[in-house]
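Q: Predicted model and sequence below, questions to follow.
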Amino acid sequence: MSITEANKTSQQIQLPKLSVEQLNAIDILVHGKTDQETAQVVGVARETVTRWRNDNPHFAAELNRQRRVVWGASHDKLRALVGKAVTTLEVALDAQDSKVAIEVLKAVGIYGQMDPPSGPEDAELVLWHWARELADVAIRKKAPSGNPTLDLLLRDEQLALLTQQNMKSLLEGISP
């Protein structure tokens, strides 16, 4: 199959090969070693490794690619352990392990995230709250006037007026 001129330009550009030292440095860096540790193993100065990372786009690109590979492999391993982890959590919870219970609640995002019950405890304040919510909904349903400054200035006045009207209607609907 022949390649047309148009396809040749869309093919990936061949990057210059990295040196053996650079490839070895990448292998070491992707496993979390510092520039200093990498330089000692590879046999170059720390500044050389730093320069490769910061100034050599070919080195940086390959380092990024290798990090993605290692990251993906690590995630695959973790996903394979999920079943065991859930079973272990279940066993610990069955044994009434409160620390594990707290960690499970944290993992699903509900530990310490719940607000205490709130809201007015007086019936008239409950009605006022409802009246204000109704007024707020009605104002949001209105189309803007085209003048945002005017809309902001009038909003509080409209909110107060509508809240009072809604409060009156709510109070009339309640039989003593």
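A: Thanks, I have the structure now.
Q: Surely residue 42 and residue 36 touch.
A: No - here residue 42 does not reach residue 36: they are 11.0 Å apart, not a contact under CB atoms under 8 Å. Heads up, the C-betas are built off the backbone N, CA and C, glycines and all.
Q: So which of the two has more stuff around it?
A: residue 42 (22 against 11; other CB atoms under 10 Å).
Q: Output the below-cut-off pLDDT ranges for this structure.
A: Residues of the chain meeting the criterion pLDDT under 70: 1-16, 113-117, 175-176.
Q: redo that, cut-off 50
A: Within the chain, the stretches falling below the threshold (pLDDT under 50) are 1-4, 7-11.
Q: Give me the three-state assignment for the residue most central in space within it.
A: With distances taken as CA atoms, centre = their mean, residue 109 lies nearest the centre of the chain, 13.0 Å away. Residue 109 falls in the coil class when you classify it by DSSP: H, G, I helix; E, B strand; the rest coil.
Q: Tell me who's in contact with it.
A: Residue 109 makes no contacts at all, as judged by CB atoms under 8 Å, 6 or more residues apart in numbering.
Q: Three-state assignment for the residue nearest to residue 164 when sequence neighbours are not counted, please.
A: Once flanking residues are discounted, residue 164 sits nearest to residue 131: 7.7 Å by CB to CB, 6 or more residues apart in numbering. Using three-state DSSP, the structure places residue 131 in helix.
Q: does residue 64 belong to a helix or a strand, and which?
A: Per DSSP states H and E, residue 64 falls inside helix 57-94.
Q: Can you spell out the domain ranges of the chain, please?
A: By the assignment in automatic domain parsing, the chain contains the domains 15-107, 123-172.
Q: For residue 23, which non-adjacent residue is closest in space?
A: Closest residue to residue 23 apart from its sequence neighbours, by CB to CB, 6+ apart: residue 62 at 7.7 Å.
Q: which stretches of the chain form strands?
A: For the chain, no strands are identified by DSSP state E.
Q: Now do the helices in it.
A: Ranges of helices in the chain, per DSSP state H, are 5-10, 20-29, 35-42, 46-55, 57-94, 98-107, 123-141, 148-172.
Q: Appreciated, that's everything.
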